[in-house]
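Q: Just the structure for this:
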Amino acid sequence: SLTHAIEAYVSKRASPHADALAKSAMRLIWQNIRTVCAEPDSRPAREAMMLASTQAGMAFSNSSVALVHGMSRPIGAFFHVPHGLSNAMLLPAVTAFSAGAALGRYADCARAMGVASDDVGDQSAVAALVDALNNLNADLKVPTPKAYGIAEEKYMSLLDTMADQALGSGSPNNNPRIPTKEEIIGLYRQVWS
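A: Model prediction:
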């Protein structure tokens, strides 16, 4: 859901309607995701996450998803990694890769989530966002593809095909920074371990 919200907000197809939904979703997710994972019976945290998930879904339905989703699909297809998990594996690296092409939009995400204050410059806000996403993955024990148990030889042998499929999905064209095939392969290598 966090990936849905962030990608909806930074998508080249973003709109004011989708932006409002995405920012609300990011705020609610960031305030509740650790609680809902640590305390699965917390009804207030679950309610907030369900509302945020709905808002993020509405946001990306209006503005589409981007590079994370394009790259996530082949990981799920070839290695049976659940969709949300493969998105989480990719989100920090793809955010860092893409941020320079939409610095203000990613800074808005950081501010909406509360990881950067309004008085911090965009560059610092984006750095805080990337750090926060990496820390969230560590806190929630999101594995790398290697740690998930994917065989390295098979993963590396499919990089070319996965990059082709990611590009073929069309989602990378919505990304603030449209990657080349070689850049997608580089990102797959980066997130491996």
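
Q: who touches residue 128 in this structure?
A: 110, 115, 116, 120 (CB atoms under 8 Å, 6 or more residues apart in numbering). To be clear about C-beta, it is placed using only N, CA and C from the backbone, and glycine gets the same treatment.

Q: from those, which two are the most distant?
A: 115 and 120 (9.6 Å; CB to CB).

Q: Which one of the contacts of residue 128 sits in the busiest neighbourhood?
A: Compared across those, residue 110 has the highest neighbour count, 28 neighbours, by other CB atoms under 10 Å.

Q: so it is in which element?
A: helix 103-113 (DSSP states H and E).

Q: do residue 88 as well
A: Assigned by DSSP H and E, residue 88 falls in helix 83-98.

Q: which secondary structure elements does that helix contact?
A: helix 2-10, helix 67-79, helix 122-139, helix 145-148, helix 181-192 (3 or more CB pairs under 8 Å, 6 or more residues apart in numbering; DSSP states H and E).

Q: does residue 35 really touch residue 43, like I thought?
A: No - Residue 35 is beyond contact range of residue 43, at 10.9 Å (criterion: CB atoms under 8 Å).

Q: Which one of the two is surrounded by more residues?
A: Shown here are residue 35 and residue 43; by other CB under 10 Å, residue 35 has more neighbours (15 against 9).

Q: Enumerate every residue touching the closest residue to the more buried one other than its chain neighbours.
A: Computed as CB to CB, 6 or more residues apart in numbering, the closest residue to residue 35 that is not its neighbour in sequence is residue 45, at 4.2 Å. With contacts defined as CB under 8 Å, 6+ apart, residue 45 is in contact with 32, 35, 36, 39.

Q: count of residues packed around the last one?
A: What that stands for is residue 39. So residue 39, with other CB under 10 Å, has 12 neighbours.

Q: residue contacts, it?
A: Contacts of residue 39 by CB under 8 Å, 6+ apart are residue 45.

Q: distance of the residue nearest to residue 10 when sequence neighbours are not counted from residue 25?
A: Sequence neighbours aside, residue 105 is the residue nearest to residue 10 in space, at 4.7 Å (criterion: CB to CB, 6+ apart). From residue 105 across to residue 25, the span is 15 Å (CB to CB, to the nearest Å).

Q: Which one's more surrounded, these two?
A: Between residue 105 and residue 25, counted using other CB under 10 Å, the more crowded position is residue 25 (30 against 19).

Q: Cool, thanks, talk later.
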